[in-house]
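[1] Would you be able to build a 3D model of this:
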Amino acid sequence: MAESALITPRQVEFFHENGYLALDSITSVDEVAWIRGIYDHLFSIRAGREEGNQFDLAGTDEEGKEAALPQILDPSKYAPELKTAKCLTNALSITRQLLGPDAVHGGEHAILKPGGSAVPTPWHQDEAYWDPSFRYNSLSVWIPLQEATIENGCMWFVPGSHKQDILPHRSIGNDPRVHGLELDVAGFDLSQAVACPIPAGGATFHLSSTLHYTGPNLTDQPRRA
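    Residues are numbered from 1 along each chain as shown. Okay, here's the model as predicted:
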């Protein structure tokens, strides 16, 4: 990605037509390695656990039980040096080209999918987690810290799904103890879903109403994002 983090008019058009955009690079290989070291340390010490910012997104989050999908909210709170990452500057620059010049950075969210995990991140819309009394002009940026492949759990999107309402969701597995949500519409047509494998340091951008999913990590290495 160039220093100015510019995208083309066609990429902007594609994003608004489909509700997502995949880019091969928004940062350098060296920065990816630097972030990955910090990321692994934060997960090793379960940073944020006491404040409720580290928990299992897809499991019941019981102490002594291995997390299915551990996550850390606001990792830069525990590693402030992350705020200097070029990928954040580039992500915001691209976001302003997609949403408008008033877009602001809202925070970070680290998700670790362990190697050999059969747990997917189910189909959902991010906005299902949010207060429905508001209207949103928001997107999420997903940055893998190693190559993201179909085998280790890259992003999938349903093109055009951002044009519909927020669909019914429920707790994953219909278990109210689980933090994560999943689409609760039997028989919803996912036949048009598109996989977006990208290199380490690439990124996907998707609107808060776009249906998306990541599959299980069938490799023997963790999938960091």
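[2] Leaving out chain neighbours, which residue sits closest to T219?
    Among residues not flanking T219 along the chain, N152 sits closest, at 4.7 Å (CB to CB, 6 or more residues apart in numbering). Yep, even glycine has a C-beta here, placed from its N, CA and C like the rest.
[3] That neighbour: what's it in contact with?
    Neighbouring residues of N152 by CB atoms under 8 Å, 6 or more residues apart in numbering: K113, Q146, N217, L218, T219, Q221, R223.
[4] could you redo the last one with a cut-off of 10 Å?
    Counting by CB atoms under 10 Å, 6 or more residues apart in numbering, N152 touches 113, 115, 117, 144, 146, 197, 214-225.
[5] Give me the buried entries from those residues.
    113, 117, 144, 146, 197, 214-217, 219, 222-225 (16 or more other CB atoms under 10 Å).
[6] coming back round to it: can you tell me the helix or strand for the residue nearest to T219?
    Under the criterion DSSP states H and E, no helix or strand holds N152.
[7] Q125 versus that one, what's the distance?
    23 Å (CB to CB, to the nearest Å).
[8] same thing with S209?
    5 Å.
[9] for this structure, what spans make up the helices?
    Ranges of helices in the chain, per DSSP state H, are 9-18, 29-44, 86-99.
[10] among those helices, which is nearest A193?
    helix 9-18 (11.7 Å; CB to CB).
[11] How far away from the center of its chain is the closest one?
    20 Å (CA atoms, centre = their mean, to the nearest Å).
[12] how many degrees apart are that helix and helix 86-99 in direction?
    Helix 9-18 runs at 70 degrees relative to helix 86-99, counting by axes from the mean of the first three to the mean of the last three CA atoms, to 10 degrees.
[13] thinking again about what came up before, comparing S209 and Q125, which shows the higher neighbour count?
    Q125 (25 against 20; other CB atoms under 10 Å).
[14] and the more buried one, what does it touch?
    Neighbouring residues of Q125 by CB under 10 Å, 6+ apart: 19, 158, 161-162, 164-167, 169, 181, 183, 206-212.
[15] Report the buried members of these.
    19, 158, 161-162, 167, 169, 181, 183, 206-212.
[16] Strands of the chain, start to end?
    20-23, 54-56, 70-73, 109-113, 121-124, 139-142, 155-157, 169-171, 181-183, 194-196, 203-207, 212-214, 223-224 (DSSP state E).
[17] low-scoring pLDDT stretches of this structure, where are they?
    Where the chain drops to pLDDT under 70, the residues are 1-4, 58-59, 61, 64, 187.
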